[in-house]
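Student: with the input below, show me the fold.
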Amino acid sequence: MTNLRVSLVQTDLVWEDPSANCAQLEEKLAVLTGLSDVIILPEMFATGFSMTSAGAEIGKGSALQWMQVQANRLGSLLIGSLKVKYQTSYYNRLYAVYPDGTYSSYDKRHLFRMGGEHEFYQSGDQQVIVTYKGWKLALFVCYDLRFPVWSRNVGLSYDAAIYVANWPAPRANAWRTLLQARAIENLAYVVGVNRVGVDANDLAYAGDSLLVDFKGDLQLDLQANQQILTSELSHEALTEFRAKFPAHLDADSFSLSSL
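Tutor: As a prediction, the model looks like this:
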């Protein structure tokens, strides 16, 4: 299996303005054309972490269509979450859009009650793992990172876990520490993509987007810079480490039947 080129897009966001965000991202992503396999955007990249209906996608909205166009143009799997309205409910929905325009989606399971997210959005109840170029990628959103049972790599069902986020600066240490912990305990690569800047609620975001390998070592660290960095995941190295250090064989069994 070939290596997987993964690009982390750490950027500021325009508050509740999908058109402006898509326009600035389109310009930034152009440099990745044909050079990346998976491109990851922050949580709610079209609006920021907003608890209103402003900028919400209804059906196959403009932001999702934009993702389809960009995935095709860039020749990459494009991943990012959007505020979505379905019937009478709102969801923080993470999309993985393939170059041919097809897509998979994951609705955020753990809603951040300290920010009132649980009062506006509905929670998802399905774990989602997508496959691209032979790699199995598990999809998660922000606050999901704090819940190891939900992230557990049961039976080595995924090769990499992807977390998109709007994770505020005061809790940056928790973000960085938990990303490394999830990688170590799950014998998998972990990618965390956060935003930078200050939102309309005066919350500051320090970035700290990371690519962590299966041993917990940092492969990429974007720190506080508004930038895009790309690195390769090695399936050979992952497989060799799992064979030499098969901690998953001693994992406790459990089920999520209570959901």
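Student: which helix is the longest one in the chain?
Tutor: Identified as the longest helix of the chain according to DSSP state H is helix 172-186.
Student: low-confidence ranges in the stretch 51-200 of the chain?
Tutor: Low-confidence segments of the stretch 51-200 of the chain, defined by pLDDT under 70, are absent.
Student: follow-up on the earlier one: residues touching the longest helix of the chain, excluding its own?
Tutor: For helix 172-186, contacts defined as CB atoms under 8 Å, 6 or more residues apart in numbering pick out 145-146, 148, 151-153, 158, 161, 163, 165, 167, 188-190, 192, 194, 206, 208, 210, 212-216, 218. In this view, the C-beta of every residue, glycine as well, is placed from N, C-alpha and C.
Student: take those and keep only those in strands.
Tutor: Of the contacts of helix 172-186, the ones assigned to strands by DSSP state E are 161, 163, 189-190, 192, 206, 210, 212, 218.
Student: can you show me the helices along the protein?
Tutor: In the chain, the segments counted as helices under DSSP H are 18-29, 62-74, 117-120, 148-151, 172-186, 235-244.
Student: can you redo those helices as a markdown table with mean neighbour count and distance to His110?
Tutor: Converted to a markdown table, those look like this (neighbours: other CB atoms under 10 Å; distance: least, CB to CB, whole Å):
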| stretch | mean neighbour count | distance to His110 |
| --- | --- | --- |
| helix 18-29 | 17 | 24 |
| helix 62-74 | 19 | 23 |
| helix 117-120 | 14 | 9 |
| helix 148-151 | 14 | 7 |
| helix 172-186 | 19 | 12 |
| helix 235-244 | 14 | 26 |
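Student: nearest to Ala224, of these?
Tutor: When the helices of the chain are compared by CB to CB, helix 172-186 sits nearest Ala224, at 9.2 Å.
Student: how far off centre is stretch 193-205?
Tutor: 16 Å (CA atoms, centre = their mean, to the nearest Å).
Student: what's the answer for stretch 191-209, then?
Tutor: In this view, stretch 191-209 has its centroid 14 Å away from the chain centroid, taken as CA atoms, centre = their mean.
Student: same check, this time on stretch 68-83
Tutor: That offset, for stretch 68-83, works out to 13 Å (CA atoms, centre = their mean).
Student: now do the end-to-end distance for that stretch.
Tutor: 16 Å (CA to CA, to the nearest Å).
Student: rewinding a little: could you work out the most separated pair of the ones in strands among the contacts of helix 172-186?
Tutor: The span of these, defined through CB to CB, is set by Tyr189 and Ala206 at 22.3 Å.
Student: neighbour-wise, which of those two wins?
Tutor: Remark: of Tyr189 and Ala206, Tyr189 carries more neighbours, 26 against 19, as counted by other CB atoms under 10 Å.
Student: who's in contact with the more buried one?
Tutor: By CB under 8 Å, 6+ apart, the residues touching Tyr189 are 159-161, 183, 211-214, 219, 233, 238.
Student: re earlier: reformat the ones in strands among the contacts of helix 172-186 as CSV; add distance to Ser50.
Tutor: Shown next, in CSV, are these (distance: CB to CB, whole Å):
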residue, distance to Ser50
Ala161, 25
Tyr163, 19
Tyr189, 30
Val190, 26
Gly192, 21
Ala206, 20
Leu210, 25
Val212, 28
Leu218, 31
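Student: how much space separates Leu77 from Gly101?
Tutor: 12 Å (CB to CB, to the nearest Å).
Student: what touches both of those two?
Tutor: Common neighbours of Leu77 and Gly101 (CB under 8 Å, 6+ apart) are Ala71.
Student: between these two, who's got more neighbours?
Tutor: Taking neighbours as other CB under 10 Å, Leu77 and Gly101 compare with Leu77 leading, 25 against 12.
Student: hang on, the more buried one packs against Ala71?
Tutor: Yes: using CB atoms under 8 Å, Leu77 is in contact with Ala71, at 6.8 Å.
Student: pull up the overlap in contacts between these two.
Tutor: Shared contacts of Leu77 and Ala71, counting by CB under 8 Å, 6+ apart, come down to 97-99.
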